[in-house]
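Novice: Sequence plus the predicted model coming up.
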Amino acid sequence: MADLRPDWLDVSQWQTMAPPTPGQIHAAIHADSPGIAELAVLLSPEAAPLVEEMARKAQILARRHFGRTTMLYVPLYLSNYCTGGCAYCGFASDRDLPRQRLELDQVEKELSALRRMGFAEVLLLTGERHPEADLDYVLECVRLAAARFPNVTVEMFPLPTEEYERLCAAGCTGVTIYQETYDPAVYECMHRWGPKSDYLQRLEAPERVLAAGMRTCGIGALLGLASPLEDALSLYLHARRLQQTHWRAGVSVSFPRIRPQEGGFQPPFPVDEAFLAQLIFAFRIVLPRTHLVLSTREGVRFRDGMAGLGVTKMSAASLTTVGGYSESESESSGQFDVSDHRSVEEICTMLRGKGLEPVFKNWDSVYR
């Protein structure tokens, strides 16, 4: 297939550079204005022995720009209906699982339960556009959430700019949309059918999100689908492009790894914790003012170790089933397995034990 990547996403020269020397790695860690050249150095195998030096620099930068705070949010799955054929997803339309969506009265119960848990930011999630969970349904759910939470974000199917504007008007403050992989050939293979198989439509969605007036946009690559180095370099270029074009908005970056899910997909490029830590430290060094997000996909030990060392935002008490936070348990299967099952109180205790302050909101709904 033709390479669909635009010119600004070309990372070929950084994938084939010569192995850096220890002096070059040290210079990249402490560069005044690091960019993609430094990121490529910091992600090299040769930089792995200097990961502790990277961690110290990442911690200094995180404290300089975010203080000793860690923002907390919670995901709420509204529906597991999906028309997509993503090979790696437990909600793909060929999975044999009970399909359901939360009715609006159930959404209200789930939101009330999350508010009682102390959260002030909720992330609403759906599968690809489906008659059972279309834009009108999501808009109603956003309105219900915006009446209770100062920060309401969504992770859903890509939309045209005018539909993102409707989300804004309903009270949505941000959108998370992962490219999954920036390699067009791998992207085509992994997205077997459905609207998500359109590589460019998804790649350009964050631009439309911010053009519509959203306050924030979260991006990420699903680590394990393609070359981790290529996807990481591409993710950096994507974040910088959004920050330069929409400098008044906030851009956050996530590093999800493939987890066990319905369908049993195995990642062709597995990423271990050592490289994931190196990746997070490197991104903090080259994107010092950007929120870096770590979800409950990762285990307790790793999340505890990353808190305050580059990561500035975490999910807590997460479920990947449809609903399940209120008194009635969800009957659906999860999109993927969660690794960190601790309660909000336990996460807060861990953070405070590390000298960090858990933050549940950072601005009021009046500013929407």
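Specialist: Now that the structure is in, tell me what you want to look at.

Novice: What is the burial count for His291?
Specialist: 18 (other CB atoms under 10 Å). In this view, the C-beta of every residue, glycine as well, is placed from N, C-alpha and C.

Novice: Tell me where the stretch 1-150 of the chain has strands.
Specialist: Secondary structure of the stretch 1-150 of the chain (DSSP state E, counting those that start in this stretch): strands located at 69-77, 121-125.

Novice: typo on my end, it should be the stretch 151-300 of the chain
Specialist: 151-155, 174-176, 216-220, 250-254, 291-294.

Novice: The ones you listed: which one's closest to Ala18?
Specialist: Nearest to Ala18, of all the strands of the stretch 151-300 of the chain, is strand 250-254, at 27.2 Å by CB to CB.

Novice: Strand 216-220 and the closest one, what's the angle between them?
Specialist: Orientation of strand 250-254 against strand 216-220 (axes from the mean of the first three to the mean of the last three CA atoms, to 10 degrees) gives an angle of 20 degrees.

Novice: Can you name every helix or strand that strand 250-254 contacts?
Specialist: strand 174-176, strand 216-220, helix 228-245, strand 291-294 (3 or more CB pairs under 8 Å, 6 or more residues apart in numbering; DSSP states H and E).

Novice: can you give me the mean pLDDT across that strand?
Specialist: On average, the pLDDT along strand 250-254 is 97.

Novice: and that strand, which strands flank it?
Specialist: Here strand 250-254 is paired, per DSSP bridges, with strand 216-220 (parallel), strand 291-294 (parallel).

Novice: residues in contact with the residue nearest to Arg215 when sequence neighbours are not counted?
Specialist: Spatial nearest neighbour of Arg215, chain neighbours left out: Thr173 (4.7 Å); criterion: CB to CB, 6 or more residues apart in numbering. Going by CB atoms under 8 Å, 6 or more residues apart in numbering, Thr173 touches Asn151, Val152, Thr153, Met214, Arg215, Thr216, Arg368.

Novice: So which bits of stretch 247-267 are buried?
Specialist: 249-259, 261-263, 265, 267 (16 or more other CB atoms under 10 Å).

Novice: ok so, going back, quick check: pLDDT value at the residue nearest to Arg215.
Specialist: The model reports Thr173 with a pLDDT of 96.

Novice: Distance of the residue most central in space within the chain relative to Phe269?
Specialist: Residue closest to the average C-alpha location in the chain (CA atoms, centre = their mean): Ser254, at 3.7 Å. Distance of Ser254 to Phe269, computed by CB to CB, to the nearest Å: 17 Å.

Novice: With Arg352 instead?
Specialist: Using CB to CB, Arg352 is found at 37 Å from Phe269.

Novice: Check Ala62 too.
Specialist: The separation that Ala62 has from Phe269, given CB to CB, amounts to 28 Å.

Novice: And those two? Which one has more around it.
Specialist: Each of Ala62 and Phe269 has its neighbours counted (other CB under 10 Å); Ala62 has more, 24 against 16.

Novice: give me every residue that touches Phe275.
Specialist: Contacts for Phe275 (CB under 8 Å, 6+ apart) come out as Ala48, Pro228.

Novice: Please list all residues in contact with Ser339.
Specialist: The contact partners of Ser339, by CB under 8 Å, 6+ apart, come to Arg259, Thr296, Arg297, Glu298, Gly299, Val300.

Novice: at 7 Å instead, please
Specialist: Residues in contact with Ser339 (CB atoms under 7 Å, 6 or more residues apart in numbering) are Thr296, Arg297, Glu298, Gly299.

Novice: Quick one, which of the helices and strands packed on strand 250-254 gets closest to His30.
Specialist: So among those, helix 228-245 is nearest, using CB to CB, at 18.4 Å.

Novice: What lies in contact with stretch 188-208?
Specialist: With contact meaning CB under 7 Å, 6+ apart, stretch 188-208 is reached by 1, 4, 83-88, 128-129, 157-158, 160-161, 164, 177, 179-181, 184, 187, 217, 219, 225, 242.

Novice: Show the end-to-end separation of that stretch, please.
Specialist: End-to-end distance of stretch 188-208 (CA to CA, to the nearest Å): 22 Å.

Novice: Report the buried residues of it.
Specialist: Within stretch 188-208, the residues that qualify as buried are Met190, His191, Gly194, Lys196, Ser197, Tyr199, Arg202, Leu203, Ala205, Pro206, Glu207, Arg208, counting by 16+ other CB under 10 Å.
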